[in-house]
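Visitor: Structure, please.
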Amino acid sequence: MSRMLCKALATALLLGGSAAAMAANDGQVRVNQLLGSDPEYREAWQDALEGEERLPDWVINLNGSSQEQMSAVAEDGDQYLVGPLCESDDNCTYKRLIVAFSWDKDDAYGMLVEVPEGLPSDKSPTRHAQYRWLGEPDDGMKALLQEQLKRDPKWY
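Guide: Reported below is the predicted structural model:
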């Protein structure tokens, strides 16, 4: 078997195992339920926020609004549980957070996205957004978090 085929097969098995793990908990976990579900998630998130100042409570406690389920995503050969969180249901356009937790629950990363409130609907939120990185993500993780944001059809 060629080396490339072996790598592809290994990746497929890894992703299949991740899907099975997600299916085991019905894939119903949402960001705002995560910290209460396992103390390891809380510890990873606290480590990610270490040294950060002036963060809103909904970011610190991950207790905003989370309509979407988290999903398993691969980045550079590692698996992450990734999902969005909004300050509130009616304020998601202006204040949102995308988080990623490593599969082993050792690392957590976040991208806090804030858009000036009252931005006219004909103005692109991407051009006016401010981004704040949490947990010191590398370029690959930043790209993963940004890609998750782009999945929102209201984000252009």
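
Visitor: Next, the most centrally placed residue in the chain: secondary structure please.
Guide: Nearest to the geometric centre of the chain sits residue 99, at 2.5 Å (C-alpha atoms, centre = their mean). Applying DSSP: H, G, I helix; E, B strand; the rest coil to residue 99 yields a three-state assignment of strand.

Visitor: ok, it - contacts?
Guide: Residue 99 makes contact with 31, 34, 45, 62, 82, 83, 84, 85, 108, 109, 110, according to C-beta atoms under 8 Å, 6 or more residues apart in numbering. Every residue, glycine included, has its C-beta placed from N, CA and C.

Visitor: ditto for residue 61
Guide: Applying C-beta under 8 Å, 6+ apart, one finds that residue 61 lies in contact with residue 35.

Visitor: any idea how far it lies from residue 85?
Guide: Counting by C-beta to C-beta, to the nearest Å, the separation of residue 61 from residue 85 is 10 Å.

Visitor: lowest-confidence helix or strand of this structure?
Guide: The least trusted helix or strand in the chain, going by mean pLDDT, DSSP states H and E, turns out to be helix 3-24, with a mean of 40.

Visitor: next SSE after it?
Guide: The helix or strand immediately downstream of helix 3-24 is helix 31-37, counting by DSSP states H and E.

Visitor: After that next one, which helix or strand is next?
Guide: Toward the C-terminal end, the helix or strand that comes next after helix 31-37 (DSSP H and E) is helix 39-49.

Visitor: what does the average pLDDT come to for that next one?
Guide: Average pLDDT, helix 39-49: 98.

Visitor: which outside residues touch that helix?
Guide: Here helix 39-49 makes contact (C-beta under 8 Å, 6+ apart) with 34-35, 55, 60, 62, 99, 101-102, 105-110, 134-136.

Visitor: Of those, which belong to helices?
Guide: Among the contacts of helix 39-49, the members falling in helices (DSSP state H) are 34, 35, 60.

Visitor: Which neighbouring elements make contact with the helix or strand hosting residue 82?
Guide: Element membership of residue 82, judged by DSSP H and E, is strand 78-86. Other elements packing on strand 78-86 under the criterion 3 or more C-beta pairs under 8 Å, 6 or more residues apart in numbering; DSSP states H and E are helix 31-37, strand 71-75, strand 95-102, helix 139-150.
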